[in-house]
Structure formats: C-alpha cells, structure tokens
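In: sequence first, predicted model second:
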Amino acid sequence: MNTRKKIVSLLLVSLIGFGLGYVLTNSFSLGLCSHDQYSCRELLNNIGDPLFYSMPALALIFLILTFTPNAFPTWKKFA
C-alpha cells in the first residue's frame, strides 16, 4: 500500500471516529439512552468524549500529511 493511500485511510478512520464520538457524546439528545438511564449516558460519554475531542486533531494532522507524503515516515517514527 503506498504512503498516500495509508494517509487517506487514516484520515477517513479519524473522521469516522469523530462522527462516532459525536453520536456517543450526544447519546441522550439523539435518543440512544432514555432520561432514567444515567449509567448508559455516563458510559457512552466516557467513550465518546475522548473520540470527539481527539479525532479532529488527528484528522488535521493526516490532512496536512496528505499534501506532504514524504513526511509521513518521519511522523510515524515520532508518533
């Protein structure tokens, strides 16, 4: 798999993670948990918050790396 394809696939995974984090963070307003299930909301927020807040940063990094694919191996060693 060439470097650009790896970067684009990682970009897509981070965008999907961001969307999943949004859905899990807003589980109550989207109707995934009812108002009397506090543990359900708390569990989904504990999973969704890290995804919702960290994935956009990774998406930005992968978007930048898309335009500079020769920097990807160096970034991968750093990360």
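Out: On my side now, so go ahead.

In: what are the buried residues along the helix or strand containing K6?
Out: Here K6, judged by DSSP states H and E, is contained in helix 3-25. For helix 3-25, burial by neighbour count (16 or more other C-beta atoms under 10 Å) applies to I7, V8, L10, L11, S14, L15, G17, F18, G21, L24, T25. To be clear about C-beta, it is placed using only N, CA and C from the backbone, and glycine gets the same treatment.

In: turn those into TSV, including pLDDT and distance to K76.
Out: TSV is the format used below for those (pLDDT from 0 to 100; distance: C-beta to C-beta, whole Å):
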residue	pLDDT	distance to K76
I7	85	10
V8	88	15
L10	89	10
L11	90	14
S14	93	15
L15	92	19
G17	91	18
F18	92	21
G21	89	23
L24	85	28
T25	85	29
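
In: now the residues you listed in CSV, with distance to L51?
Out: Formatted as CSV, those follow (distance: C-beta to C-beta, whole Å):
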residue, distance to L51
I7, 20
V8, 20
L10, 15
L11, 15
S14, 10
L15, 11
G17, 5
F18, 7
G21, 3
L24, 7
T25, 8
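
In: between these, which sits nearest P50?
Out: Comparing the buried residues of helix 3-25 against P50 with C-beta to C-beta places G21 closest, at 7.3 Å.

In: quick one, what contacts that closest one?
Out: Taking C-beta atoms under 8 Å, 6 or more residues apart in numbering, we find G21 in contact with G48, D49, P50, L51, F52, Y53, M55.

In: tell me who's in contact with the fourth one.
Out: The contact partners of L51, taken as C-beta under 8 Å, 6+ apart, are G17, F18, L20, G21, L24.

In: what distance do you get for the last one to L30?
Out: If I follow you right, that is L24. According to C-beta to C-beta, to the nearest Å, L24 and L30 sit 9 Å apart.

In: same check on the second one?
Out: Between F18 and L30 the distance is 15 Å, computed by C-beta to C-beta.

In: could you do the third one as well?
Out: The spacing between L20 and L30, counted by C-beta to C-beta, is 12 Å.

In: avg pLDDT for the longest helix along the chain?
Out: Secondary structure assigned by DSSP state H gives helix 38-67 as the longest helix of the chain. Average pLDDT, helix 38-67: 85.
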